[in-house]
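Enquirer: turn this into a model:
(one chain, ligands or ions: 1)
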Amino acid sequence: MASFPAILSTKSWKKLTPTDKNGTLPKFDAAMVKEIGPWLIDFSRSGMTSLELKTLLEAAQECSLKEQISKAFAGERINHTEDRQVLHMSLRDQTGITPKETSDLAVAELLRLKAYAHKIRRSEITDIVNIGIGGSDLGPKLLSQALAPFATGPKVHYVSNVDPAHLEEVLVHLNPQTTLFIIVSKTFTTQETMTNALIAKAWSEGKARFCAVSASPEKVKEFGIEADDSFTIWDWVGGRFSLWSAVGLSTMISVGPEIFDEALQGAHAADVEFKEASLERNSAVLLALWDIWNINHQNFSSVALLPYEQNLEYFSRWFQQLAMESNGKKVDRDGKKINYQTSPVYWGEVGTNGQHAFYQMLHQGTQIIPCEFIGFAKSYYKNQDSQKTLLANMLAQAKAFAEGSDHKDINKQFDGHRPSITLLAQQASPKTIGGLLALYENRVMAQGFLWNIPSFDQWGVELGKKLAKNIEQHWEDGASLDEATKALLAKIRNFS
Ligand code: F6P
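Expert: A predicted model of the protein is given here:
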């Protein structure tokens, strides 16, 4: 694999002046308000000056970022730790920007999915239960909710947790004769998913319908699902990037294939920008540079994602997996331990709910947490006055974080100079939402390229899985367990 430098080792990076933790936000600079594609992205309160952004862009250039992006789209095996291509972009490719081999496979499967979605939408099915976890849950759950104004099909439920409460609370309201279970698991071995799938099968007593989405058709067959009801994903689609594949089937049935297609179009437009645009006009790159600025230059280790759009309720949870599973790494692509920070902690809540929960700390706490506002000018719902109130709150918060407010009572003082960016689009249309999610996927890829880390594996989740199996095996005897675990286990046995 060709080797690329990390952004922190470039000459340009070293030109940035050292961190000033008590720094003030630069004065308003219209050049920091970018209009790219459907978005206005306001970086004017980001904490970076246009000169600093220029230096960061030069540093990205030194990392051959454009070349790295091209390699991904060309289908090079950039997931080198698993020896795989990274081509989820093929799932939404409409102009041949990815290899024909993978985009043809995606198109063929999409046709099967659309036919199946139409069939279910015309059938007696009233409820769909998507059983899956991680990337097999968070993406479709987010997209179904984000496209709620377009939902015209059966009601969709998402069950991910192995906690019996999750599945049982859903099943209690359902009739097996009008329920379709979609078992989504790339591996078809994930403990939580397979446990819930078997419980659902037993509950159904042969009356409910089942279909599956997996990269392992053999395992799907073993489970008892016919080939006609089994949909494929491929090893070039990472789980957390998979919502555009058959993993999005629940959403497609809910909103209909035409609306799903619009989301794919929006995502593709974001890919075209990521692949073709110059670094300066590339929103995914600019967002990645903002992340790098925050964590590596300013030492801010967390970012609040604040969509002022109720239907983006699951946005921060989805992005947490995408960013933190991809880039929560401390070894570079050359296998060497690194000495700089990688993924920040992303978290968040929809506005205005967050304002009445944790914004106190964002305004007056001891830590500086960069904030990311996402808003839409128009709502799909009737009450545009409420939308105006919502947006007034979003604008007020960004202003308050930046400007602060003086007061003779120290408790009522706001220091200001707290960085934020704002992303604004006209309306949360299927196309814009598709574009937003792809933009954030591309941002995560750009981050990984610039940190020179392997973004596409997730070894860090394996140890816990292995240990949980071992503990279950030794539930009664506690054999081979450490003292702390043994003591907790003894108490659990005692309580139950
Ligand atoms: O545990 C992590 C993980 O492997 C994620 O990367 C993935 O999205 C999730 O589990 C679910 O995996 P699967 O689709 O194979 O059930």
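Enquirer: flag every residue of the stretch 201-350 of the chain that's near the ligand.
Expert: Proximity of the stretch 201-350 of the chain to the ligand (Cβ under 6 Å from any ligand atom) is limited to residues 239, 240, 325. Where you see a C-beta, it was placed from the backbone N, CA and C, and this is true even at glycine.
Enquirer: can you put these in CSV and add distance to residue 214 and pLDDT?
Expert: As requested, those are exported to CSV (distance: Cβ to Cβ, whole Å; pLDDT from 0 to 100):
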residue, distance to residue 214, pLDDT
239, 11, 98
240, 16, 98
325, 19, 98
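Enquirer: nearest to the ligand among the residues you listed?
Expert: Each of those was scored against the ligand by Cβ to the nearest ligand atom, and residue 239 proved nearest at 2.9 Å.
Enquirer: that closest one: how many residues sit nearby?
Expert: Counted with other Cβ atoms under 10 Å, residues neighbouring residue 239 total 26.
Enquirer: I'd say it and residue 186 touch.
Expert: Yes. Contact between residue 239 and residue 186 holds when scored by Cβ atoms under 8 Å: they sit 5.3 Å apart.
Enquirer: can you pull the residues that touch both of these two?
Expert: 135, 136 (Cβ atoms under 8 Å, 6 or more residues apart in numbering).
Enquirer: just give me the closest of the residues of the stretch 201-350 of the chain next to the ligand to residue 201.
Expert: Proximity of those to residue 201, judged by Cβ to Cβ, is greatest for residue 239, which lies at 22.8 Å.
Enquirer: is the nearest residue to the closest one once chain neighbours are set aside in a helix, a strand, or coil?
Expert: In space, not counting the residues next to it along the chain, residue 239 is nearest to residue 135; the distance is 3.2 Å by Cβ to Cβ, 6 or more residues apart in numbering. Reducing the assignment to helix, strand or coil with DSSP: H, G, I helix; E, B strand; the rest coil, the entry for residue 135 is helix.
Enquirer: got a list of what residue 135 touches?
Expert: 186, 238, 239, 240, 241, 242, 243, 247, 321.
Enquirer: and if you look at residue 249?
Expert: Per Cβ under 8 Å, 6+ apart, neighbours of residue 249: 113, 116, 117, 130, 140, 182, 184, 211, 213, 231.
Enquirer: go through these and name the one nearest the ligand.
Expert: For the ligand, the closest of the contacts of residue 249 turns out to be residue 184, at 6.5 Å, with distances computed as Cβ to the nearest ligand atom.
Enquirer: and the nearest residue to the closest one once chain neighbours are set aside, how far from residue 265?
Expert: The spatially closest residue to residue 184, leaving aside those adjacent along the chain, is residue 132, at 3.3 Å (Cβ to Cβ, 6+ apart). Distance check for residue 132 against residue 265: by Cβ to Cβ, to the nearest Å, it reads 25 Å.
Enquirer: neighbour count winner among those two?
Expert: With neighbours defined as other Cβ under 10 Å, residue 132 and residue 265 compare such that residue 132 has more, 31 against 15.
Enquirer: I'd guessed the more buried one sits against residue 157; true?
Expert: No. With contact defined as Cβ under 8 Å, residue 132 does not reach residue 157; the gap is 11.8 Å.
Enquirer: domain ranges for this protein?
Expert: According to automatic domain parsing, the chain is divided into the following domains: 7-83+262-459, 88-261, 461-495.
Enquirer: does residue 143 touch residue 243 like I think?
Expert: Yes. Proximity of residue 143 to residue 243 meets the contact threshold set by Cβ under 8 Å, at 5.9 Å.
Enquirer: so where do the strands sit in the protein?
Expert: With DSSP state E as the definition, the chain shows strands at residue ranges 33-36, 39-42, 127-131, 155-159, 179-184, 209-214, 230-232, 302-308, 345-348, 371-378, 420-427.
Enquirer: what helices and strands are in contact with the fifth one?
Expert: Applying 3 or more Cβ pairs under 8 Å, 6 or more residues apart in numbering; DSSP states H and E, one finds that strand 179-184 makes contact with strand 127-131, helix 191-204, strand 209-214, helix 249-255.
Enquirer: what's the mean pLDDT across that strand?
Expert: With pLDDT averaged residue by residue, strand 179-184 scores 98.
Enquirer: repeat that for the second one.
Expert: The predicted model assigns strand 39-42 a mean pLDDT of 98.
Enquirer: that one pairs with which strands, parallel or anti?
Expert: Partner strands for strand 39-42, per DSSP bridges, with pairing direction: strand 33-36 (antiparallel), strand 420-427 (antiparallel).
Enquirer: can you give me the helices in the stretch 301-450 of the chain?
Expert: Taking DSSP state H, counting those that start in this stretch to define them, one finds helices in the stretch 301-450 of the chain at 315-319, 326-327, 359-364, 384-403, 430-451.
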